[in-house]
Each structure stands twice: as structure tokens, then as C-alpha cells.
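Student: I would like the atomic coordinates for the input below:
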Amino acid sequence: MKAFKIIILTSIIFLSCSIKAFSLEDSEIEQVKNALELIYMERNNMFIQGNITDLPQFFNSQTRYGGWALDHEVRRIKYLRKWADERGIEFKDISSELHFRKVTGSGDKAKVLANEYYKFTYVYKENREIENVFGVGLIHNVDLIKRDYQWIINWDWYTDCFEDALKSISAEIKNIDSPIDRIYTLPLESRVSIDELGDNEAELRRKKAVSYANKYCGIPWASSFEDRYNKKYKNYTGAGGNCTNYVSQCLGDKEEGAGLPHWGGWSSTRTKYGQSEGSPAWVNADAFKNYLLYSGKGSLIKKGEYKDLLSIDSSGNSIFSKLNYGDVICYSKGGDIDHFAIVTGFDSQGYPLINSHTTDRFKVPFDLGWGNKNIGFYFIKINY
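Tutor: Below you'll find the predicted structure:
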């Protein structure tokens with residue numbers, strides 16, 4: 001019996017040593033991190049330069065998933081350039097930083113779980129002096145393989161805020177040599193800064209809603225808050241999406257948000273597990289839209305496709321001028337309400353900027369990533 005135990009113990013030790021021998025060493029983990037940072041840096045440069053024929057070297061396009069990952073990045077670059085050109089906008093810089101959560105692997109294979117935080121800088125071609133900045137946060141689950149002493153992407157899964165706009169974009173790998181023709185004339189609006197809002201109750205609530213939205217936007221460089229989200233509330237990212245829950249918090253949180261009264265089916269209740277869970281109207285986009293419009297908490301400014309929102313009324317004002325800090329925008333796909341965001345700013349042209357969750361956005365132009373022809377927008381004024 002004693003000999004049998006010794007054999008088992010010896011086998012366990014041997015197996016443990018074998019696993020350790022084939023696991024990535026600390027130095028190799030650093031190599032993987034450096035390689036992925038380099039790939040994403042080069043990809044960001046390609047956003048600006050348009051030289052996408054250099055992109056395939058970073059992907060294992062011999063496999064289906066590697067090919068898909070490459071196609072997706074090509075479409076994203078083309079879409080961002082197209083979106084900007086059509087609006088008379090030019091991206092001056094695109095950078096991102098990776099926060100590594102886990103790196104594992106063995107031999108010539110590695111798996112990485114990491115958060116990527118973008119910073120986009122753009123100008124309007126008529127006024128290049130003023131730079132505008134927005135942020136996007138992504139969670140990557142990446143599989144890498146080493147080929148010819150170089151780590152390349154085998155597949156890269158992430159929830160992309162630009163996904164809906166990529167369906168009509170070609171994945172042909174061809175450098176972008178010239179801009180696309182401009183097709184939209186954006187109304188020029190002069191907007192006061194949020195600090196210039198008044199000190200009446202309604203405008204103070206607007207300030208608090210935006211302050212909350214920025215603090216809990218989920219993007220570290222844009223917020224001094226170390227945790228991405230408010231831990232007081234349940235995170236619904238993996239259970240249908242956290243966008244409506246986040247906007248509801250901005251409007252309804254009593255301590256840091258606008259503190260609008262909870263009533264009529266719109267509420268968030270602390271559970272025995274310590275986090276607040278929201279009612280259907282608090283967390284469901286369609287139910288929240290109906291609640292706002294039928295309860296009197298919100299009033300519809302305008303709904304329609306993107307081109308419908310660029311119109312000027314008889315007094316010479318645009319639809320954008322009717323939006324204020326702390327108002328909300330909901331998005332529909334094929335008639336179904338799919339997403340919510342809160343207005344947190346206006347760029348140098350007076351263009352509405354939004355924050356939202358699920359894919360984290362900080363002061364992003366409200367339509368960026370919503371390029372499908374079946375997309376509709378609801379501009380809703382909040383009655384603070």
C-alpha cells in the first residue's frame with residue numbers, strides 16, 4: 001500500500017512539473033503582452049494612414065477565425081474613415097492602452113483577456129484648430145500563435161460598438177488613398193459648457209446626471225474613479241446589456257445622480273446580496289422608452305433615421321439645438337428599441353456627444369457605429 005502511494009505521489013509531481021515546463025514563463029508572458037500592444041498600435045496607425053495592406057501580417061488568416069478577425073479590423077478602419085469623410089471630419093490621432101487581466105498559454109500558443117481603452121482625436125476640416133476627443137472601451141478575448149518567432153492573432157473576440165455599421169463595408173484589403181465625398185452638412189450650433197448652466201433645480205440635476213455618467217463611464221483615462229462601474233448596482237452586461245441600467249442610474253441615483261423620484265414602475269431595489277436590481281422599466285430599453293414618454297419624465301423631441309435629424313426648422317434651428325446636457329437618445333434596429341445613451345456634451349461644432357455602457361463610450365458622437373439603414377433614433381428631453 002505504501003509503495004502504491006509513492007507511485008501516485010511521484011506521478012503527481014511529474015505531471016505538475018510537466019505542466020509547469022510547458023506553461024509560459026514570465027518573460028514569455030511579457031513577450032505576448034508586448035506583441036499584442038504592438039499589433040494594436042500598428043492597427044491604430046493604419047486608422048489614420050489608411051495603409052491596410054500591412055495589416056494581414058498580424059493575423060493568422062489561414063484559419064477561419066483568424067480570417068474573420070482580420071476582415072473585421074479592415075471593415076472597422078474603412079468604416080471610421082467613411083464616417084468621418086462623409087461629415088467633413090478628420091481623425092488626427094487614435095491611440096489605445098491595454099489593461100491585461102489574464103495571460104495564459106504554453107509553447108507557441110497564448111490566450112489573453114484584456115481591456116482596451118481607446119482615445120480618438122478629431123477635428124472638423126473647416127476648423128482644424130479645435131480638437132475633439134472621445135473614448136471607447138472594449139474587452140478582448142484573444143488567441144495568439146507564434147509563427148516564425150512572431151506572435152500573431154489566431155482569433156480576437158470582442159463586443160464592438162461599431163459592429164452594426166460594418167455590414168455594408170467591404171473587407172477587401174486595399175489601401176485608402178483618397179477621401180470619400182462628403183454627403184452630410186452638419187448644423188453649426190453654439191453651445192454653452194456644462195459649467196455655464198444655471199443653478200436652478202432642473203439644471204443642477206442635469207449637471208449631476210452628466211457628472212455621474214462621466215464618473216462611471218468605464219474608461220479609466222476619462223474618469224478618476226478606479227472601479228469601472230458603480231458597484232452598488234447589478235451589472236447587466238452579460239444579461240442582455242447594461243446600457244439602460246446605466247442611463248437609469250444617471251437619472252435616478254439619489255446620492256450622485258440626478259435623483260429623479262422612483263415611481264410608476266421605474267425603480268431599483270437593494271437586494272439581500274447587496275446590489276440594487278432594476279425593475280423592467282429601469283433596465284429594459286423598450287420599457288424605459290415607454291416609461292419616459294408616458295410618465296411625463298420625458299418628451300419626444302424627434303425620431304427618425306439619421307438624415308431626418310439634420311433638418312432645420314422654419315426658425316432656422318436644428319434638431320440638435322433642442323438637446324441639452326442630461327437628455328437621452330434611444331436607438332432602434334428594424335423598429336425594435338435596442339440601446340440607450342445619455343447626452344454628456346457637444347463638440348466644437350455643437351454635435352451631440354453621448355456616454356453609454358455594454359460597450360463603454362465616453363463623449364462619442366451620438367451616431368458613430370450606427371450606420372445600418374434600419375437604424376432609427378429617438379431624441380428625448382428629460383423633464384428634470
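Student: Tell me where the chain has helices.
Tutor: In the chain, the helices defined using DSSP state H lie at 2-22, 26-49, 64-86, 201-215, 243-252, 280-283, 285-295.
Student: Identify, out of those helices, the most deeply packed stretch.
Tutor: Sort these by mean neighbour count, taking mean count of other C-beta atoms under 10 Å, and helix 243-252 sits at the top with a mean of 27. Just so you know, the C-beta spots here come from the backbone N, C-alpha and C atoms, and that holds for glycine as well.
Student: just how off-centre is that one within its chain?
Tutor: 16 Å (C-alpha atoms, centre = their mean, to the nearest Å).
Student: Same question for stretch 235-243.
Tutor: Averaged C-alpha coordinates place stretch 235-243 at 13 Å from its chain's average position (C-alpha atoms, centre = their mean).
Student: got the end-to-end distance for stretch 284-303?
Tutor: Stretch 284-303 has an end-to-end distance of 19 Å (criterion: C-alpha to C-alpha, to the nearest Å).
Student: still on that earlier bit, tabulate the helices of the chain in JSON lines, adding columns for mean pLDDT and distance to residue 315.
Tutor: What follows is the helices of the chain, written out as JSON lines (pLDDT from 0 to 100; distance: least, C-beta to C-beta, whole Å):
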{"stretch": "helix 2-22", "mean pLDDT": "38", "distance to residue 315": "72"}
{"stretch": "helix 26-49", "mean pLDDT": "96", "distance to residue 315": "39"}
{"stretch": "helix 64-86", "mean pLDDT": "96", "distance to residue 315": "27"}
{"stretch": "helix 201-215", "mean pLDDT": "98", "distance to residue 315": "23"}
{"stretch": "helix 243-252", "mean pLDDT": "98", "distance to residue 315": "29"}
{"stretch": "helix 280-283", "mean pLDDT": "97", "distance to residue 315": "35"}
{"stretch": "helix 285-295", "mean pLDDT": "97", "distance to residue 315": "25"}
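Student: quick one, which of those helices is nearest to residue 102?
Tutor: Between residue 102 and the helices of the chain, the tightest spacing by C-beta to C-beta is seen for helix 26-49, at 10.2 Å.
Student: which residues of this protein score low on pLDDT?
Tutor: Within the chain, the stretches falling below the threshold (pLDDT under 70) are 1-22, 272.
Student: before we move on, the earlier item: select, out of the helices of the chain, the one closest to residue 155.
Tutor: Ranked by C-beta to C-beta, the member of the helices of the chain that lies closest to residue 155 is helix 64-86, at 3.6 Å.
Student: can you list the residues that contact the closest one?
Tutor: Applying C-beta atoms under 8 Å, 6 or more residues apart in numbering, the external contacts of helix 64-86 come out as 43, 46-47, 50, 52, 55-56, 59-61, 89-91, 122, 143, 152-156, 160, 162, 165-166, 169-173, 176, 179-184, 368, 371.
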